[in-house]
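> below are the sequence and a predicted model for it; my questions follow.
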Amino acid sequence: MSSKLEIARRTDHLPTVAIVGRPNVGKSSLFNAIIGRRLSIVHEMSGVTRDRVVAPLVRGGRHFQLIDTGGLGMLQGESRSVNVWDSRIADQVEAALEGADVLIQVANVQEGLVTLDAEVADRLRASGKPVIFVANKCDNPGLAAEARSEFRKLGFDPVYPVSCLHRSGVNALLDAVLPLLPEVETAESSAALKRDGRRDAVNIAVIGRPNVGKSSLVNALLGEERVMVSDVAGTTRDAIDIDFTLRYEDSERPAVLVDTAGMRKNTKVDDIVEYFSVMRAKAAIARADLVLFVVEASPDGVTAQDKRIAGMIEEAGKGCVIVANKFDLCRDECRAGAIREELRRSLPWMGYAPLVLVSARERSNLGELLDQMAEVMGQLEIEIPTGVLNRVLSDAMERNTPPVTGSAPLKMYYASMIGRRPPKILLFVNNPKNCAEHYKTFLKNILRQAFDLSGLPIELELRARPKKVESIRREPERSNSRKTRKNTRRK
């Protein structure tokens with residue numbers, strides 16, 4: 001049986017530009033300078049970028065995507081004293097090179113030409129693709145002249161001096177890149193323009209604490225090794241946006257799947273890079289339409305940090321599916337029903353969110369996850385007619401009379417839906433203080449059942465109805481006319 005929702009790679013191809021170079025030459029700084037916002041994490045520490053970071057762009061009437069890659073930190077055939085991440089970063093870079101149409105090699109003019117720069121240049125030349133050489137950190141004209149002289153030895157002419165700090169030389173670089181991009185069909189260009197800024201795309205953020213399998217889940221959903229996976233907590237650093245297509249209800253819709261860094265308690269954040277990673281994850285929650293909250297499937301329930309993250313998701317008012325990953329590790333020890341019960345007991349305030357047990361490693365039960373995602377997405381655009389809303393709430397209050405809290409029982413006069421994502425319902429009542437908290441929860445449950453609002457938190461605002469309706473007449477004019485009549489009588 002096929003799922004209600006299918007995830008597929010996009011068939012349209014945007015021209016692609018990949019930024020490549022050895023570690024710590026300013027690739028991420030250049031990436032951010034070109035796109036005009038801080039998407040990639042920038043730090044003087046070597047090896048900060050590990051996965052491919054992608055952003056769509058429109059420049060000079062041309063539509064393309066820009067890829068930031070990790071630094072190539074080892075020479076060809078080198079095996080000793082190689083960082084644990086170097087070979088895996090190299091695999092990500094090779095994937096970027098394979099799909100790119102134009103390559104930008106970045107070097108650091110302040111360090112001069114080094115052996116690894118020449119090694120990277122040879123790799124790029126072997127690809128047979130157009131290569132533009134950028135000398136970064138040219139913060140004054142003298143360095144720019146030095147860069148042209150120094151790096152011309154690699155066989156690239158011209159050399160483009162750039163200062164990401166002062167944002168100089170970026171426009172000249174783009175002017176050189178645009179003519180090298182292949183032409184795309186008009187329809188694809190239009191689609192690319194709409195995707196720039198992702199205004200029409202569904203944003204799905206994968207959130208959770210470190211080492212629960214977020215990146216493994218992303219790869220399992222996409223059916224490819226798109227992001228780096230390891231048993232080391234903190235492997236993912238940037239928030240990785242991955243464009244794909246959702247096939248749902250006989251239609252296709254562009255979407256963005258966001259893989260994020262694991263969120264640890266602030267007091268346990270070790271360094272500034274991890275701090276920026278956590279900030280990117282929080283920002284991903286804020287801009288998401290749907291959150292996949294990944295926890296470990298465990299008979300012990302969830303951790304204190306899981307509960308903190310759940311609170312952040314609910315406070316942000318996001319649609320959510322709880323994904324209990326690594327079910328394959330505890331399948332023999334405990335029944336699925338017992339794990340579900342313990343997770344529900346551990347997260348009672350997330351009772352609105354569907355819960356799915358999966359194994360990203362075995363790629364099992366992904367069909368149920370996709371179905372639950374489809375259910376929640378179907379509710380994101382729901383609009384409840386005012387008449388129907390009032391009948392449902394009035395019937396519920398007649399069947400279950402509100403408890404008396406304060407001086408008088410709660411009375412509802414009118415209800416209206418005033419917001420979506422999440423659904424926000426406004427109730428005009430005699431006095432909001434007359435509504436007990438558990439009765440407000442009761443009304444939310446009634447709304448959830450009546451309109452099948454699965455996966456979405458509901459905001460219920462109670463507002464006192466004005467006792468008096470102000471007259472449309474203007475009081476100052478009326479008082480002035482009275483004074484005029486009195487003065488006339490005296491005369």
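Yes, it's here. Numbering: from 1, shown residues only.

> touching, R463 and N431? I think so.
No. Taking contacts as CB atoms under 8 Å, R463 lies outside contact range of N431: 10.2 Å. Every C-beta, even on glycine, is put in place using the N, C-alpha and C of the backbone.

> ok, these two, which is more surrounded?
Relative neighbour count places N431 above the other of R463 and N431, with 16 against 11, counting by other CB atoms under 10 Å.

> what residues are up against the more buried one?
Counting by CB atoms under 8 Å, 6 or more residues apart in numbering, N431 touches G406, A408, L410, A464.

> hmm, 10 Å instead?
For N431, the contact set (CB atoms under 10 Å, 6 or more residues apart in numbering) comprises T405, G406, S407, A408, P409, L410, K411, L462, A464, R465.

> got any ranges where the stretch 151-300 of the chain has weak pLDDT?
Residues of the stretch 151-300 of the chain that meet the criterion pLDDT under 70 lie in 184-200, 225-241, 248-251, 261-278, 280.

> next, the buried residues of stretch 318-333.
Within stretch 318-333, the residues scored as buried using 16 or more other CB atoms under 10 Å are 318-328, 330-331.

> which of those fall in strands?
The members of the buried residues of stretch 318-333 that map onto strands under DSSP state E are G319, C320, V321, I322, V323, A324, N325.

> now the fifth one. Nearest residue, chain neighbours left out?
When the adjacent residues along the chain are set aside, V323 lies closest to V294, with 4.8 Å between them (CB to CB, 6 or more residues apart in numbering).

> mind checking how far that neighbour is from P403?
In this structure, V294 and P403 are 39 Å apart, going by CB to CB, to the nearest Å.

> now the contacts of N431 as a markdown table including distance to L443, neighbour count and secondary structure?
What follows is the contacts of N431, written out as a markdown table (distance: CB to CB, whole Å; neighbours: other CB atoms under 10 Å; DSSP: H, G, I helix; E, B strand; the rest coil):
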| residue | distance to L443 | neighbour count | secondary structure |
| --- | --- | --- | --- |
| T405 | 14 | 15 | strand |
| G406 | 17 | 11 | coil |
| S407 | 21 | 8 | coil |
| A408 | 18 | 11 | strand |
| P409 | 14 | 15 | coil |
| L410 | 10 | 23 | coil |
| K411 | 14 | 13 | coil |
| L462 | 10 | 19 | strand |
| A464 | 17 | 13 | strand |
| R465 | 17 | 13 | coil |
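
> I104 bridge partners, please.
I19, I132 (DSSP bridges).

> which residues touch it?
With CB under 10 Å, 6+ apart, I104 has these contacts: 17-21, 27, 30-31, 34, 66-67, 124, 130-134, 160, 162, 173, 176-177.

> quick one: list the elements packing against the host helix or strand of G142.
According to DSSP states H and E, G142 maps onto helix 141-151. Using 3 or more CB pairs under 10 Å, 6 or more residues apart in numbering; DSSP states H and E, the elements in contact with helix 141-151 are strand 102-108, helix 115-126, strand 131-136, strand 159-161.

> run the angle between the longest one and strand 102-108 for me.
To tie it back to what came earlier, the one meant is helix 115-126. Calculated by axes from the mean of the first three to the mean of the last three CA atoms, to 10 degrees, helix 115-126 forms an angle of 170 degrees with strand 102-108.

> what's the answer for the third one, then?
For the pair strand 131-136 and strand 102-108, the angle between their directions (the same axes, to 10 degrees) equals 30 degrees.

> show me what strand 131-136 is packed up against.
If you count contacts as 3+ CB pairs under 10 Å, 6+ apart, strand 131-136 packs onto strand 16-21, helix 27-35, strand 102-108, helix 115-126, helix 141-151, strand 159-161, helix 170-177.

> among the ones you listed, which comes closest to V358?
In terms of CB to CB, the element of the helices and strands packed on strand 131-136 nearest to V358 is strand 16-21, at 31.5 Å.

> and the closest one, how far from the chain's centre?
Its chain's C-alpha centre and that of strand 16-21 lie 23 Å apart, by CA atoms, centre = their mean, to the nearest Å.

> leaving out sequence neighbours, find the closest residue to T386.
S416 (5.4 Å).
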